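K.L.:
I would like to see how this sequence folds:
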Amino acid sequence: MKKIIFITSLLLLASCSQKTIEPVTKTEIKTVTSEDIARGKSLYAENCIKCHKSFNPSDFTEKQWRHEVPPMAKKAKIDSEKENLILAYVLAGAKK
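P.N.:
Numbering: from 1, shown residues only. Next comes the predicted model:
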């Protein structure tokens with residue numbers, strides 16, 4: 001009986017404690033245009049093949065590209081705008 005009272009007391013105290021809610025941040029959603037994809041293709045050719053062979057976008061899945069492009073952009077000192085254009089290009093043709 002004491003265990004039941006103790007557990008019930010703990011549950012009541014826990015339900016009364018302050019809860020913290022993390023703020024939800026909105027991310028900007030931009031529609032990718034054919035011009036963005038063309039610019040991304042050009043940037044890919046200008047930057048990515050300096051260090052390795054040119055891959056076709058269909059060589060990898062969307063998940064794989066999202067995993068590979070950010071660290072490569074950082075290594076190549078590509079700013080986020082150009083990185084996003086390159087990502088738009090490779091994702092447009094990524095393997096499904």
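K.L.:
for the rest of this, base every contact and every neighbour count on C-alpha atoms.
P.N.:
Fine.
K.L.:
which helix or strand in this protein has the lowest average pLDDT?
P.N.:
helix 2-16 (a mean of 54; mean pLDDT, DSSP states H and E).
K.L.:
show the subsequent helix or strand relative to it.
P.N.:
As assigned by DSSP states H and E, the chain's next helix or strand after helix 2-16 is helix 34-47.
K.L.:
just checking, what packs against that following helix?
P.N.:
If contacts are counted by 3 or more CA pairs under 8 Å, 6 or more residues apart in numbering; DSSP states H and E, helix 34-47 sits against helix 80-92.
K.L.:
pull the helix it packs on out as CSV, backbone CA atoms only.
P.N.:
Coordinates of each C-alpha in helix 80-92 appear next as CSV, following Å, rounded to 0.1, in the frame of the first residue of the first chain:
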residue,chain,number,x,y,z
SER,A,80,25.5,28.2,-48.9
GLU,A,81,23.8,29.9,-51.9
LYS,A,82,26.0,28.0,-54.4
GLU,A,83,25.8,24.8,-52.3
ASN,A,84,22.0,25.0,-52.5
LEU,A,85,22.1,25.4,-56.3
ILE,A,86,24.4,22.5,-56.7
LEU,A,87,22.2,20.4,-54.4
ALA,A,88,19.1,21.5,-56.5
TYR,A,89,20.8,20.3,-59.6
VAL,A,90,21.9,16.8,-58.3
LEU,A,91,18.6,16.3,-56.5
ALA,A,92,16.6,17.0,-59.7
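K.L.:
surely residue 94 meets residue 61?
P.N.:
Yes. If you go by CA atoms under 8 Å, residue 94 and residue 61 touch, sitting 5.2 Å apart.
K.L.:
quick one: mean pLDDT for the helix or strand hosting residue 68?
P.N.:
Assessed by DSSP H and E, residue 68 sits inside helix 62-75. What helix 62-75 shows for mean pLDDT is 95.
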